[in-house]
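S.K.: Pasted the sequence and its predicted model underneath.
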Amino acid sequence: MEILYIVVPCYNEEECLPETAPVFRKKLDDLAKAGLISQESRVLLVDDGSADGTWECIRSLHEADPAFCGVRLSPNRGHQNAVMAGLMEAKSRASVTISIDADLQDDIDAMNGMMEKHAEGYHIVCGVRSKRASDTFMKRVTAEGYYAFMNLLGAELIYNHADFRLLDRDALDKLALYHDDDPFLRGLITRLGLPIATVEYERAPRVAGESKYTLKKMVGLAMRGFTSARCKPQDTPRPPDPHIAERLFS
């Protein structure tokens, strides 16, 4: 039976987590009842150096229910580093991971389809937005242009895929060979040489709180994509993240 770790990067999500944490917990139960995962599966919440009470919320969740685990980064390292830190912490504990943002704009029920695709033999399963009807015309045009340009540069991105994805142990082991201090995960996963599948879903509004992706951060993410194609795997796995200040595991 697969041990799943749901990896959730959190930055200033004090307002959001009380609403979304029960949804993550229920999904573990639903997947276990469906026979898709083990009861030893966990939700791993990664506090990316939040300035609010996010870590205190994670600590309370862990103390009340061992299905919630926590990692605290210090200082703030950015979304991609937070996801990578969570994946690397889960690598020795889980047989499969699914990364998803704390705001639950990604359809958590798509995890069932991801697990089913994994059972078919896929090592990587990417959640892909089925449509961009809620986006403005300008956002749709710039998104299409961005993906086309990145693929032209050799990044080989999956269209309409962000960071909602399943990675199994084989994929995590290969990902660990990339030591980039500023990773661009959606560009790296297509270079691991493993079978990839996609699962479509509709993106919803945030449950609570505000988006942490400012224009500045989005431009920075795009710039990292320009250099991702030059990142080369190393002979040994990346060392433990020195910015992890605290861990909560049962």
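M.R.: Noted; the coordinates are in hand.
S.K.: Please pull up the helix or strand immediately following the helix or strand of the chain with the lowest mean pLDDT.
M.R.: The least trusted helix or strand in the chain, going by mean pLDDT, DSSP states H and E, turns out to be helix 215-228, with a mean of 61. With elements assigned by DSSP states H and E, the helix or strand that comes after helix 215-228 is strand 244-248.
S.K.: For that next one, enumerate the helices and strands it packs against.
M.R.: Other helices and strands packing on strand 244-248, by 3 or more Cβ pairs under 8 Å, 6 or more residues apart in numbering; DSSP states H and E, are helix 54-64, strand 68-73, helix 79-91. From N, CA and C alone the C-beta is placed, and that goes for glycine too.
S.K.: Can you point out the buried residues in stretch 180-200?
M.R.: 180, 182-192, 194, 196-199 (16 or more other Cβ atoms under 10 Å).
S.K.: Sitting in helices, which of those residues do you find?
M.R.: 185-188 (DSSP state H).
S.K.: Any stretches of this protein with poor pLDDT?
M.R.: For the chain, the stretches with pLDDT under 70 are 132-146, 149-151, 153-155, 205-229.
S.K.: ok, the residue nearest the centre of the chain - contacts?
M.R.: The centroid of the chain falls nearest to Ser99 when counting by Cα atoms, centre = their mean (2.7 Å). Under the criterion of Cβ atoms under 8 Å, 6 or more residues apart in numbering, the neighbours of Ser99 are 6-9, 83, 86-87, 163-165, 167.
S.K.: Which single one of those residues is nearest to Gln39?
M.R.: Here the nearest of the contacts of Ser99 to Gln39, counting by Cβ to Cβ, is Ile6; it sits at 14.2 Å.
S.K.: State whether the closest one is indeed within a helix.
M.R.: No. Ile6 sits outside any helix when classified using DSSP: H, G, I helix; E, B strand; the rest coil, being strand.
S.K.: Okay, the nearest residue to Met84 once chain neighbours are set aside and His123: tell me how far apart.
M.R.: Take Met84 and drop its neighbours on the chain: the residue closest to it by Cβ to Cβ, 6 or more residues apart in numbering is Pro183, 5.2 Å away. Counting by Cβ to Cβ, to the nearest Å, the gap from Pro183 to His123 is 18 Å.
S.K.: what helix or strand does Leu166 sit in?
M.R.: In the assignment (DSSP H and E), Leu166 maps to strand 165-168.
S.K.: what does Leu45 give?
M.R.: Assigned by DSSP H and E, Leu45 belongs to strand 42-48.
S.K.: how big is the angle separating that strand from helix 54-64?
M.R.: Inter-element angle recorded for strand 42-48 and helix 54-64: 160 degrees (by axes from the mean of the first three to the mean of the last three Cα atoms, to 10 degrees).
S.K.: So what touches strand 42-48?
M.R.: Under Cβ under 8 Å, 6+ apart, the answer for strand 42-48 is 3-11, 17, 21, 24-25, 28, 54-55, 58, 61, 66-73, 76-79, 81-83, 85-86, 89-90, 93-94, 102.
S.K.: one more time with 7 Å, if that's ok
M.R.: Contact with strand 42-48 is made by 5-11, 24-25, 28, 54-55, 58, 67-73, 76-77, 82, 85-86, 89-90, as judged by Cβ atoms under 7 Å, 6 or more residues apart in numbering.
S.K.: that older thread, tell me the spacing between the residue nearest to Met84 and Ile6.
M.R.: Distance, Pro183 to Ile6, by Cβ to Cβ: 19 Å.
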